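Participant: coords please:
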Amino acid sequence: MRGFRELLVGFALVAISFVGIWYLVDEVLAVLLGVMPLVLLFFGALFVMMGVSSMRMKSAEPEGWSAESGDEGRE
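Facilitator: The predicted structure follows:
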């Protein structure tokens, strides 16, 4: 019986949110149009970082890389 009650509450909340969105459709669209480019930018940057990371893992490191990197700045 508890699951049925949770399902009814979920449907009620969805119905209330649809009514609110319908009532404030212009404001909701303005917010969505402002947020969507930011979300796309975030996911674009995320995928670029993942791609760079996988490319670095697949590429072979030069043999003297760790020895050279440890001596940087010690002149």
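Participant: how many residues are close by V28?
Facilitator: 13 (other CB atoms under 10 Å). From N, CA and C alone the C-beta is placed, and that goes for glycine too.
Participant: likewise the one 4 residues further on?
Facilitator: Each residue near L32 was counted by other CB under 10 Å, and the total is 10.
Participant: and if you look at V19?
Facilitator: 10.
Participant: residues contacting M55?
Facilitator: Residues near M55 by CB atoms under 8 Å, 6 or more residues apart in numbering: none.
Participant: does the residue positioned nearest the centre of the chain sit in a helix or strand, and which one?
Facilitator: By CA atoms, centre = their mean, the mean C-alpha position of the chain lies nearest to F43, the distance being 4.9 Å. In this structure, F43 sits in helix 25-58 according to DSSP states H and E.
Participant: buried ones in that helix?
Facilitator: Neighbour counts over helix 25-58 (16 or more other CB atoms under 10 Å) mark no residue as buried.
Participant: now that helix: how far from the chain's centre is it?
Facilitator: The offset between the C-alpha centroid of helix 25-58 and the centroid of the whole chain comes to 6 Å, using CA atoms, centre = their mean, to the nearest Å.
Participant: tell me the mean pLDDT over it?
Facilitator: Mean pLDDT, computed over helix 25-58, is 88.
Participant: offset the numbering so it begins at 669, please.
Facilitator: Sure, I'll start counting at 669 from here, so that last one is helix 693-726.
Participant: no more questions from me, cheers.
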